[in-house]
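S.K.: Got a sequence here, can you build the structure:
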Amino acid sequence: MIREKTSFVYVTYIQSTPQKVFEAITKPDLAKRYWGHENVSDWQPGSNWQHLRANDERTVELVGKVIEVSPPTRLVITWANASQASDPDAHSRVTFEVEEYDSMVRLTVTHDELEAESGMAKGVSKGWPIVLSSMKSFLETGQGLDVFAKPKAA
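M.R.: Numbers count the residues shown, from 1 in each chain. Now for the predicted structure:
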């Protein structure tokens, strides 16, 4: 049975430099300030990366491989829940494209090869907008958003 795939694309403009945006994605001490997680890797093609909860337990929540890296303009990684790391069908792909755009940066995040209607597809469609909004706030003001916030009940 062929599983239907879907993708998610998010574009935002950030008053920053390509280098600072790229570092915000790849440097654990920066990522935890706007994401609540650290992205840990040596960022070489073929290397593993881990998405660690920035708390006392330091739970590994996501894992993957570095596919392509061209600082400060492009990063491509695979992405899977840590509990599904051994299932190749559970891996999706995330591409970060960082482009100078006049005096700012255009960041395009494409999360593709997602199984349609999966928990991961539903999660990233809600997760990426707040994480990337938090990154924008962090880079522009020094303060990220609460990425763990929940909608208020009506």
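
S.K.: In this protein, where is pLDDT below threshold?
M.R.: Applying pLDDT under 70 to the chain flags the ranges 1-2.

S.K.: how about the helices in it?
M.R.: Under the criterion DSSP state H, helices of the chain are mapped to 18-26, 28-35, 119-141.

S.K.: mind putting those helices in JSON lines, mean neighbour count and distance to residue 153 included?
M.R.: (Each C-beta comes from the backbone N, C-alpha and C, glycine too.) Putting the helices of the chain into JSON lines (neighbours: other Cβ atoms under 10 Å; distance: least, Cβ to Cβ, whole Å) gives the following:
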{"stretch": "helix 18-26", "mean neighbour count": "20", "distance to residue 153": "32"}
{"stretch": "helix 28-35", "mean neighbour count": "19", "distance to residue 153": "26"}
{"stretch": "helix 119-141", "mean neighbour count": "17", "distance to residue 153": "17"}
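
S.K.: Same list (those) but as a markdown table, adding distance to residue 41.
M.R.: Supplementary listing: the helices of the chain in a markdown table, determined by distance: least, Cβ to Cβ, whole Å:
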| stretch | distance to residue 41 |
| --- | --- |
| helix 18-26 | 7 |
| helix 28-35 | 9 |
| helix 119-141 | 17 |
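
S.K.: right, so of those, which gets closest to residue 147?
M.R.: helix 119-141 (5.2 Å; Cβ to Cβ).

S.K.: For the closest one, which outside residues touch it?
M.R.: Judged by Cβ atoms under 8 Å, 6 or more residues apart in numbering, the contacts made with helix 119-141 from elsewhere in the structure are 6, 8, 10, 12, 14-16, 20-21, 24-25, 30, 33-35, 80-81, 90, 92, 107, 109, 111, 114-115, 143-145, 147, 149.
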